[in-house]
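Visitor: here is my input, please return the structure:
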Amino acid sequence: MDFLYKAFNGLISAGPYVMLPVIITVIGLVFGMKLSKAFKSGLTVAIGFVGIKLVVDMLATNIGPASKAMVVRFGLQLDIVDVGWGAIASVTWASPIIPLIVAAIFFTNIVMLLFNATDTLDVDIWNYHHMAIVGCLLYFITNNLVLSVLSAVVMAFITFKLADWTSPIVEEYFEIPNVSLPTMSFLSSAVIAYPLNWLIDKIPGLRDINFDIDNAEKYLGVFGQPTMLGFILGVLVGALAGYNVGQIIDLGVHMAAVMVLIPKMTSLFVEGLMPISEAATKFTKKKFKNRKFLIGLDAAVVVGDHTVITTALILIPITILLSAFLPGNRVMPFADLAVITFRVALVVALTKGNLFRSLVIGLVCTIAILYAGTFTSPDLTAFAVSTGLDFGGGLITSFASVSLTVSYIVYQAFLRNPQIGVPVLIVIVGLIFYFAEKKYRKYKADKNMNVTID
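Guide: Residues are numbered from 1 along each chain as shown. Below you'll find the predicted structure:
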């Protein structure tokens with residue numbers, strides 16, 4: 001048992017670049033692929049993922065300092081600092097109960113698959129920290145192990161179901177078949193985005209506004225092409241940051257490069273995934289009477305979409321300015337502004353690339369994150385300090401962790417009078433489950449019928 005724990009911990013510590021090819025290869029073998037083909041698929045997926053991460057890191061490296069420069073230039077005086085998802089992830093993995101929490105999440109996924117309660121086979125174990133933070137923080141605050149593990153199980157259940165339910169729009173908009181994205185930083189916007197998108201559909205005039213990247217190219221010509229849009233938006237962000245001319249142009253070129261490189265890396269990623277997808281389809285037809293599995297991946301595979309990047313670049317300065325005027329907000333957006341793409345990617349897919357709706361809904365989602373970050377900062381700061389991180393006595397938060405809307409709701413339900421909060425949460429989740437699952441099963445039935453006809 002100790003050997004298995006050390007092996008698992010070693011795999012986790014090695015990071016996603018090592019985990020992904022190993023896990024994809026194992027999945028390929030399970031689905032009946034030859035070792036050579038399974039490993040080639042795993043390696044190709046990993047190469048695509050490395051490429052995507054390199055470009056995303058380039059985006060963060062260039063946008064991060066520009067965002068921080070804007071914060072300084074606009075003179076924001078807020079006492080809770082966004083330290084970034086990486087710091088919070090390290091705090092989560094340092095929790096004394098993390099092995100138990102990870103095991104609970106893993107077995108929740110397996111049990112749900114066995115009982116046909118989810119189609120998502122989550123291979124993105126590194127991003128378990130999005131689900132685990134709720135249980136780890138609860139344990140630190142309450143010292144109640146049962147409650148903490150149960151909260152992580154609830155987070156896992158919600159994550160896998162949201163991944164199922166959003167997989168149709170992931171396939172339709174991002175054109176990545178047989179994949180789901182069980183990354184809470186991607187999924188959490190759903191609880192705000194779906195109702196708000198429905199509401200916009202009911203408002204005459206507003207529902208007819210439809211401006212997307214294709215429209216930009218149509219009306220603006222060469223200046224509406226994704227490469228030029230990336231350059232222009234990069235230049236505008238650089239100007240708002242107070243950069244000199246050389247720095248402004250440099251940022252513009254890097255943003256144009258992101259627009260070009262991400263789709264190429266994503267196509268390589270999909271190329272490696274397709275043999276696994278085909279093997280999975282054959283396997284499930286033979287063994288599970290056409291049961292379909294979705295490979296659960298990191299949402300990094302979709303954040304390079306042109307409209308996602310455009311939405312994020314426009315929202316960054318708006319978020320910084322808005323944070324200074326929101327009543328009751330104490331969060332100073334900082335490190336996680338560089339990865340705001342993850343927070344808006346689902347919104348963009350839901351609105352089918354409608355830039356107007358993406359901005360409106362994305363802004364509301366961001367406001368919710370700022371307020372949740374304000375409310376949970378004292379707990380999160382104390383937890384981080386207990387693991388050895390020193391922030392000089394200041395308060396911290398992140399655009400990840402319990403600032404994400406779903407994570408915040410689950411955390412509060414288990415923290416504030418759980419005898420009432422948890423049953424209420426279960427009822428709400430149950431109602432959403434009934435309607436969303438009904439729609440999802442209809443989608444699967446229609447899709448299977450189309451495949452049969454073809």
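
Visitor: alpha carbons only for contacts and neighbour counts from here, please
Guide: OK.

Visitor: can you map out the strands along the protein?
Guide: 80-82, 120-122, 179-180, 294-296, 331-332, 395-397 (DSSP state E).

Visitor: among those strands, which comes closest to residue 136?
Guide: Nearest to residue 136, of all the strands of the chain, is strand 395-397, at 15.4 Å by Cα to Cα.

Visitor: now find how far off-centre that closest one is within its chain.
Guide: Its chain's C-alpha centre and that of strand 395-397 lie 21 Å apart, by Cα atoms, centre = their mean, to the nearest Å.

Visitor: repeat that for stretch 424-439.
Guide: 21 Å.

Visitor: what mean pLDDT does it get?
Guide: Average pLDDT, stretch 424-439: 93.

Visitor: can you list the strands of the chain in JSON lines and add mean pLDDT?
Guide: As requested, the strands of the chain are exported to JSON lines (pLDDT from 0 to 100):
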{"stretch": "strand 80-82", "mean pLDDT": "83"}
{"stretch": "strand 120-122", "mean pLDDT": "89"}
{"stretch": "strand 179-180", "mean pLDDT": "92"}
{"stretch": "strand 294-296", "mean pLDDT": "88"}
{"stretch": "strand 331-332", "mean pLDDT": "85"}
{"stretch": "strand 395-397", "mean pLDDT": "87"}
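
Visitor: turn those strands into TSV, columns for distance to residue 71 and mean neighbour count.
Guide: Converted to TSV, these look like this (distance: least, Cα to Cα, whole Å; neighbours: other Cα atoms under 10 Å):
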stretch	distance to residue 71	mean neighbour count
strand 80-82	11	22
strand 120-122	37	24
strand 179-180	35	28
strand 294-296	36	22
strand 331-332	8	28
strand 395-397	16	26
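
Visitor: between those strands, which gets nearest to residue 167?
Guide: Residue 167 sits nearest to strand 179-180 of all the strands of the chain, at 5.0 Å, using Cα to Cα.

Visitor: report pLDDT for residue 16.
Guide: Taking residue 16 on its own, its pLDDT is 62.

Visitor: ok, now residue 136?
Guide: Note for residue 136: predicted pLDDT of 95.

Visitor: same question, residue 217
Guide: What the model reports for residue 217 is a pLDDT of 55.

Visitor: repeat that for residue 237.
Guide: Note for residue 237: predicted pLDDT of 79.

Visitor: neighbours around the nearest residue to it once chain neighbours are set aside, how many?
Guide: Distances taken as Cα to Cα, 6 or more residues apart in numbering place residue 66 nearest to residue 237, at 7.0 Å, with adjacent residues excluded. Counted with other Cα atoms under 10 Å, residues neighbouring residue 66 total 28.

Visitor: mind listing the helices for the stretch 251-400 of the chain?
Guide: With DSSP state H, counting those that start in this stretch as the criterion, the stretch 251-400 of the chain has helices at 306-325, 341-350, 355-386.

Visitor: and these, which is most packed in?
Guide: helix 341-350 (a mean of 28; mean count of other Cα atoms under 10 Å).

Visitor: how big is the angle separating it from helix 355-386?
Guide: Orientation of helix 341-350 against helix 355-386 (axes from the mean of the first three to the mean of the last three Cα atoms, to 10 degrees) gives an angle of 150 degrees.

Visitor: show me what helix 341-350 is packed up against.
Guide: Contacts defined by 3 or more Cα pairs under 8 Å, 6 or more residues apart in numbering; DSSP states H and E place helix 341-350 against helix 145-174, helix 184-187, helix 190-201, helix 306-325, helix 355-386.

Visitor: which other residues reach it?
Guide: Residues outside helix 341-350 that contact it (Cα atoms under 8 Å, 6 or more residues apart in numbering): 169-170, 173-174, 185-190, 193-194, 299-300, 302-303, 307-309, 311-312, 354-355, 358, 361-362, 365-366.

Visitor: C-alpha coordinates for it, CSV please?
Guide: The C-alpha coordinates for helix 341-350 follow below in CSV (Å, rounded to 0.1, in the frame of the first residue of the first chain):
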residue,chain,number,x,y,z
THR,A,341,-9.3,33.1,-20.5
PHE,A,342,-10.2,30.0,-18.4
ARG,A,343,-13.1,31.9,-16.8
VAL,A,344,-14.7,33.1,-20.0
ALA,A,345,-14.1,30.1,-22.4
LEU,A,346,-17.3,28.3,-21.4
VAL,A,347,-19.2,31.6,-21.8
VAL,A,348,-17.9,32.0,-25.3
ALA,A,349,-18.8,28.5,-26.3
LEU,A,350,-22.3,28.9,-24.8
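
Visitor: can I get the helices of the stretch 251-400 of the chain in TSV with mean pLDDT and distance to residue 134?
Guide: Formatted as TSV, the helices of the stretch 251-400 of the chain follow (pLDDT from 0 to 100; distance: least, Cα to Cα, whole Å):
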stretch	mean pLDDT	distance to residue 134
helix 306-325	85	25
helix 341-350	94	18
helix 355-386	94	10
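
Visitor: next, format the ones you listed as a markdown table and append distance to residue 82.
Guide: Shown next, in a markdown table, are the helices of the stretch 251-400 of the chain (distance: least, Cα to Cα, whole Å):
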| stretch | distance to residue 82 |
| --- | --- |
| helix 306-325 | 12 |
| helix 341-350 | 15 |
| helix 355-386 | 9 |
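
Visitor: these: which one's closest to residue 103?
Guide: Residue 103 lies closest, by Cα to Cα, to one member of the helices of the stretch 251-400 of the chain: helix 355-386, at 21.3 Å.

Visitor: okay then, goodbye and thanks.
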